[in-house]
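Peer 1: Here you go, sequence then predicted model.
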Amino acid sequence: MTDTSSLDQEKPTFGHIEGHTLGKDIESSNVDPAEDARIMRKVDYRLIPILSILYSISLIDRTNISVARVAGMALPVAKGGLALTVGTRYSIISLVFFITYIIFELPSNILLRKIGARVHMTAIVLSWGAVMVGMGFVTDWTQLLALRMLLGIFVSAFFPARFPACLFLITCWYTRYETQRRLAAFYGFSLFVSGFSNIIGYGISLLKGTAGLPGWRWIFIVYGALTMALGIIGFFLIVDFPDKATFLSPAELKIVRDRIDADRGDSVPDVLTVRKMFTHLGDFKLWCFGIIFCGSTVGAYAFSFFLPIILGGAGYSVKLSLILSAPPYVFAFMWVFTAAIIADKTHKRGIIIVINSVLCLVGLALMGWGHLIGVRFLGCFLALAGCQANVPAAATYQANNICSHSKRAVGAALLVGWGGVGGIVASLIYRQVDYPLYIPGISGTMAFQVLIIMLVGGLSVYFKRENARADAGEVILEDQPGFRYTI
C-alpha cells in the first residue's frame, strides 16, 4: 500500500490562493506545524488504507465479469457457460449495472450524511458481497442481468462511477491542495490491486470442477465472500466525518476543522434541502466537471471490461491475456500518483488533466492503428495511464472549485452519475461485432479525450476571468469571501 507518510512532506496551504487568504493563515495560528503534521498522518492512516482496500474490492467486483468471460462464462450453456457471445448480451450485462448505479447514487449520498459513514458503508459492502456470491450460482444470462442491476444499487453508494461516498468523505477531511495526493493514493492503490485481479481471477478459475462448478463461478463466489469479510472488518475501521469522528481527541478535531475553515470555510456541514439541491444543480460548472469525469471513465471502464478481451484478440492465449493485463495497471498506478504530486505541488489542475488526455490519445492511436503487437501493447500502457490518472484529477478539479457540504454532496453524486454514463458508453461502443480491433470504440474514446481538453480550456478561461473580477471586488466566489478558483 502507498506510504501515506509521504503525503505530508509538503507543508499544506491554508486557503492562500493567488495572494488571498480565506479565514486564518497558518502563520498566524498557534498550531505547531509538527503537531499539525502528526494529526494529519493519524487521519491518513485511519482513513486512506481501509477506504483503499474496500474500493479495490468494489472495483474488482464490478469489473471481474471480463475475467469470468475469458474463463468460460461466455461459452455455450451446454459447455457450462451463459452464451454471452450471442448478439449483444455481454454489452447489455455490462451496461445495466450503470442504470441503477446512476439512479441511486444521489439518494445514497444523502443517506451517507444522515446515518454516518461507518454504518452506511459497512451495510452496502456486505450487501454487494452477497450479490457477488449469488452471481456464482446463476443458471441463465437474464439472472446475471438482474443481479448486475442489484449490484449497481449497492455499489452506487460506495464509489462510483467512481467513488461518490469515498470522494465526499476524503474531501471533507483535507484542504484543497492536499486532496489529489490522497485521492491518488486511494485510487492508485485500488488500480494497482485491480491490475493483478485478472491474474488472481485466473488462479481462482483453476478451481473448476470443485463441487462440480465451472471455474468462472468460483471467481464470483470467492470474491463475493472476500467482500463480505472485508465489510465486517470495515465496520471497526471506517472513520466518519470530521464533525462525527471519535478516533481524534476534541482538541485534535478542532485543529482539523480550523484548517478546513482556513482553506475554504466549510468545516461545519450545512443541511441539504431540495431547494439547495436544485440551486446547486443549476451551476453549469458541476455539469462541466461531470462531463470531464465521464470522458475519463469511458476509457477507464473500457479497459476494465475489455482489456483481457482485446489482448486475446491480438493473439495471446487466455492465460497470457489475463497475465499481460497487469503491467499496464502497474504503470498507470505509478503515473497516477506522480501526476497527483505534481498537481498538488504546483496547485494546478487543468493542465494536468490536459496532459493526461493527450497521453491517452497517443496510447489509443497506437492501440488502434499500430501494426505490431508490441506497439499496440505499448499503447495500452499510455492509454490506461492517461485515462486512469484523470479519474482522481477530475474529481479533485471539482472538489477544489466548490464550497459547502451540501454542494459537495450534490457535486459528488453528479460527478459519479456522469461517470456511470461513461460506463454505459464504454459498454455500447466496444461491441462484439467489432472484435478484435474495436476501432469504433477506440475512436469514440479518443473523441472524449478531445472533448475533455476543450472543456478544461473553457473552464480555465472562465476561472481566470472570475478570479480577476473577485480581485477587483466585483463578485464573491462560491459565497466565500477570499475564495479563488483553482485553475
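Peer 2: Arrived safely, thanks for sending. Bear in mind the structure is a predicted one, so any value in this text is a computation, not a measurement.
Peer 1: where along the chain do the strands fall?
Peer 2: Secondary structure of the chain, counting by DSSP state E: strands at 16-17, 20-21.
Peer 1: Confidence-wise, which of the ones you listed is weakest overall?
Peer 2: Of all these, the minimum mean pLDDT falls on strand 16-17 (a mean of 37).
Peer 1: can you pull the buried residues of stretch 208-227?
Peer 2: Within stretch 208-227, the residues that count as buried by 16 or more other C-beta atoms under 10 Å are 208, 214-224, 227. For every residue, glycine as well, the C-beta is placed using N, CA and C.
Peer 1: average pLDDT for that stretch?
Peer 2: If you average the pLDDT over stretch 208-227, you get 95.
Peer 1: ok now that stretch, how far from the chain's centre?
Peer 2: Computed by C-alpha atoms, centre = their mean, to the nearest Å, the chain-centroid distance of stretch 208-227 equals 27 Å.
Peer 1: go on, stretch 350-365?
Peer 2: Centre-to-centre, stretch 350-365 and its host chain are 18 Å apart (C-alpha atoms, centre = their mean).
Peer 1: pLDDT of it, averaged?
Peer 2: Stretch 350-365 comes out at a mean pLDDT of 97.
Peer 1: Dump the C-alpha coordinates for that stretch into CSV.
Peer 2: Output in CSV follows, covering the C-alpha atoms of stretch 350-365 (Å, rounded to 0.1, in the frame of the first residue of the first chain):
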residue,chain,number,x,y,z
GLY,A,350,-6.5,21.8,-15.6
ILE,A,351,-3.1,21.4,-17.3
ILE,A,352,-2.6,18.1,-15.6
ILE,A,353,-5.9,16.8,-17.0
VAL,A,354,-5.0,18.0,-20.4
ILE,A,355,-1.6,16.2,-20.3
ASN,A,356,-3.3,13.0,-19.2
SER,A,357,-5.8,13.3,-22.1
VAL,A,358,-3.0,13.8,-24.6
LEU,A,359,-1.2,10.7,-23.2
CYS,A,360,-4.4,8.7,-23.5
LEU,A,361,-4.9,9.9,-27.1
VAL,A,362,-1.4,8.8,-28.1
GLY,A,363,-1.9,5.4,-26.5
LEU,A,364,-5.3,4.8,-28.1
ALA,A,365,-3.8,5.7,-31.5
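Peer 1: contacting residues around it?
Peer 2: With C-beta atoms under 8 Å, 6 or more residues apart in numbering as the test, stretch 350-365 has contacts from 292, 295, 299, 335, 339, 342-343, 378-387, 389-390, 393-394, 397, 442, 445-446, 449-450, 452-453, 456-457, 459-460, 487.
Peer 1: which of the residues in it are buried?
Peer 2: Using 16+ other C-beta under 10 Å as the test for burial, stretch 350-365 gives 350, 352-365.
Peer 1: Pull the contacting residues for the nearest residue to Val256 once chain neighbours are set aside.
Peer 2: In this structure, Val256 finds its nearest non-sequential neighbour in Pro242, 5.3 Å apart by C-beta to C-beta, 6 or more residues apart in numbering. Pro242 makes contacts with 172-173, 253, 256-257, 260, 267, as judged by C-beta under 8 Å, 6+ apart.
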